[in-house]
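Peer 1: Predicted model and sequence below, questions to follow.
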Amino acid sequence: MVEPASLLEEIRFGYGPRLSAELAKGGLDADRLMAQLTADDPEGRAWDRPPLADRLALIATYNAEKQSDAGLQPATAKALQQVMVADAESFVARPAFASAGFVEQLVNLWANRITISNVSGQVPRYIQSFRDEAIRAHVGGKYADMLKAALWHPGMQFYLTQADSFGPHSEAGIKRSRGLNENLAREFLELHSMRVGYSQTDVTELAKLLAGMASDEKGQRVEPKRVEPGPKTILGQTFSDHNPVAEINRLVDYVARRPETARNVGFTLARHFIADDPPADLVDALAKAYLDADTDLPATYRVLLKHPAAQSDQRQKVRNPQEYAAASLRLVGLTSPDVRGVYDKLAKRIPSAMSAMGQPVFRALRPDGWPEVANGWMTPPMMAGRVDWAVTLAHLRGDWVDPVAMVQAAFGPYASPLLVQSVGGAEQRWEGLAVLLGSPEFSRR
């Protein structure tokens with residue numbers, strides 16, 4: 001089971017405190033947060049979604065029926081649609097209900113850094129599986145393994161149109177007059193790993209190495225007729241066309257151990273948890289820990305949690321809409337079993353609320369994911385979306401809570417006197433709760 005976190009841990013490294021939940025005393029305890037990586041979290045697991053194997057089986061049935069004389073059966077179409085609807089609900093619900101907030105933050109951080117998005121008919125079927133099996137399964141392991149899982153996942157292959165990539169001199173490439181698609185190669189180097197230190201030639205050579213990659217119900221493989229023959233030189237390393245699956249994985253291991261990747265990982269962690277412009281010494285320390293531990297993420301997290309900036313009570317990060325929505329649900333008690341019916345009714349409104357706040361579920365606009373800095377979430381329409389959400393929750397829960405007590409529950413000693421005064425000065429309880437939830441302070445962690 002997950003050990004109760006402190007208030008600071010819940011705010012900065014989780015999704016905020018839950019109403020009436022037990023909290024540990026004191027500030028940040030690195031060991032306590034690290035223990036979440038291996039702890040059982042039944043409240044989080046309650047939102048588990050079907051694995052890739054089940055999805056592939058359902059998709060295979062769907063495709064077979066579409067091609068049959070009888071046509072697609074309504075039950076199959078409905079089942080696939082229901083899977084995707086429930087996937088989207090879990091995006092806010094899982095962090096709202098889970099006890100291991102640090103784990104949920106890490107899952108969402110890395111799923112955003114190595115993102116796939118709902119931009120085509122195929123991708124939505126795989127997004128949640130990608131988050132669970134390529135990302136969640138590896139947040140407590142090596143980054144090299146996460147990169148391999150992400151690269152080979154069918155969701156990533158569909159998102160970056162890897163099926164369109166043919167070795168120009170391959171059998172299929174010559175026969176069909178097809179060539180390379182560099183999308184996956186470019187994003188792997190630019191966004192998922194190094195960010196700097198590579199050339200266009202490296203991108204092209206990597207695209208040659210990746211040509212023919214496929215992942216489906218038949219498993220992970222490289223289709224021989226699409227393989228570009230001959231050696232490929234990438235970042236000064238030579239890779240052959242023999243056993244291309246092993247060569248692709250060797251490439252990923254090599255790139256994962258590059259100092260540029262280490263620095264990108266360190267910067268990503270520091271920017272997400274500490275500040276939009278993170279301390280340089282922290283980024284340096286994280287990069288060093290990452291390399292010293294051979295891409296082990298927990299060893300890197302521990303350095304983050306031990307740094308003075310992590311222990312500070314200054315809240316410099318703006319919560320993105322997912323974090324904001326989950327934190328508000330936790331604070332007002334809508335994750336309690338006795339009000340589950342109220343939550344279920346509200347859940348239908350969450351997707352539209354997320355869109356109004358600027359983060360439509362699973363629809364990141366670019367391959368680099370959602371913004372990790374404040375100015376990406378602070379436009380007037382987005383802030384109006386937060387106010388609307390605050391008012392909605394306040395009307396639902398205002399008669400059941402004491403808004404002044406809620407300020408203490410949300411922030412404890414970190415609450416500003418102005419916020420306490422503003423909430424306490426509201427004429428009605430629901431108005432006080434709306435002031436709290438709509439305040440700039442509640443949008444920070």
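Peer 2: In hand now; what should we look at?

Peer 1: Which residue of the chain lies farthest from its centroid?
Peer 2: Note on the chain: the largest C-alpha distance from the chain mean falls to D69, namely 40.9 Å (C-alpha atoms, centre = their mean).

Peer 1: so who does that one touch?
Peer 2: Contact analysis of D69 by C-beta atoms under 8 Å, 6 or more residues apart in numbering lists nothing. In this view, the C-beta of every residue, glycine as well, is placed from N, C-alpha and C.

Peer 1: Where do the helices of the stretch 251-400 of the chain begin and end?
Peer 2: For the stretch 251-400 of the chain, applying DSSP state H, counting those that start in this stretch gives helices covering 259-273, 280-292, 297-306, 308-311, 321-331, 340-347, 350-356, 380-397.

Peer 1: tell me which residues of the shortest one are tucked away?
Peer 2: Judged by neighbour count (16 or more other C-beta atoms under 10 Å), helix 308-311 contains these buried residues: 309-310.

Peer 1: Contacts for the longest helix along the chain, please.
Peer 2: Selection of the longest helix in the chain by residue count, based on DSSP state H, yields helix 74-97. Contact with helix 74-97 is made by 15, 43-44, 46-47, 49-50, 55, 58-59, 61-62, 65, 101, 104-105, 108, 124-125, 127-128, 322-323, 325-326, 329-330, 334-335, 347, 350-351, 354, 361-362, as judged by C-beta under 8 Å, 6+ apart.

Peer 1: A30: neighbouring residues, count only.
Peer 2: Residues lying near A30 (other C-beta atoms under 10 Å) number 17.

Peer 1: picking that back up, any of the contacts of helix 74-97 buried? List them.
Peer 2: 15, 43-44, 47, 49, 55, 58-59, 61-62, 101, 104-105, 108, 124-125, 127-128, 322-323, 325-326, 329-330, 334-335, 350-351, 354, 361-362.

Peer 1: got the contact list for the residue nearest in space to the middle of the chain?
Peer 2: Computing the C-alpha centroid of the chain and ranking residues by C-alpha atoms, centre = their mean puts N108 first, at 2.3 Å. By C-beta under 8 Å, 6+ apart, N108 lies in contact with 95, 322.

Peer 1: Report the contact partners of S99.
Peer 2: Contacts for S99 (C-beta under 8 Å, 6+ apart) come out as 1-2, 41, 43-44.

Peer 1: how does it look with 10 Å?
Peer 2: Taking C-beta atoms under 10 Å, 6 or more residues apart in numbering, we find S99 in contact with 1-5, 14, 18, 21, 36, 39-44.

Peer 1: now swap in V255 and tell me
Peer 2: By C-beta under 10 Å, 6+ apart, the residues touching V255 are 144, 147, 188-189, 192-194, 197-198, 202, 206, 234-235, 237, 261.

Peer 1: Mind telling me what element the nearest residue to Q162 once chain neighbours are set aside is part of?
Peer 2: Leaving aside its sequence neighbours, Q162 sits nearest to L184 (C-beta to C-beta, 6 or more residues apart in numbering; 4.8 Å). Assessed by DSSP states H and E, L184 sits inside helix 183-187.

Peer 1: Which elements pack onto that helix?
Peer 2: For helix 183-187, the packing partners by 3 or more C-beta pairs under 10 Å, 6 or more residues apart in numbering; DSSP states H and E come out as helix 154-159, helix 200-210.

Peer 1: What is the neighbour count of the closest residue to H395 other than its chain neighbours?
Peer 2: With C-beta to C-beta, 6+ apart as the criterion, H395 has its nearest non-adjacent residue at 5.7 Å, and that residue is W430. W430 sits with 20 neighbouring residues when counted by other C-beta under 10 Å.

Peer 1: And for I248?
Peer 2: Counted with other C-beta under 10 Å, the neighbours of I248 add up to 21.

Peer 1: residue contacts, it?
Peer 2: Neighbours of I248 in contact, by C-beta under 10 Å, 6+ apart: 148, 151-152, 206, 209-210, 212-213, 220, 222, 239.

Peer 1: again with L52
Peer 2: Taking C-beta under 10 Å, 6+ apart as the criterion, L52 is in contact with 125-126, 128-130, 132-134, 153-155, 215-217.
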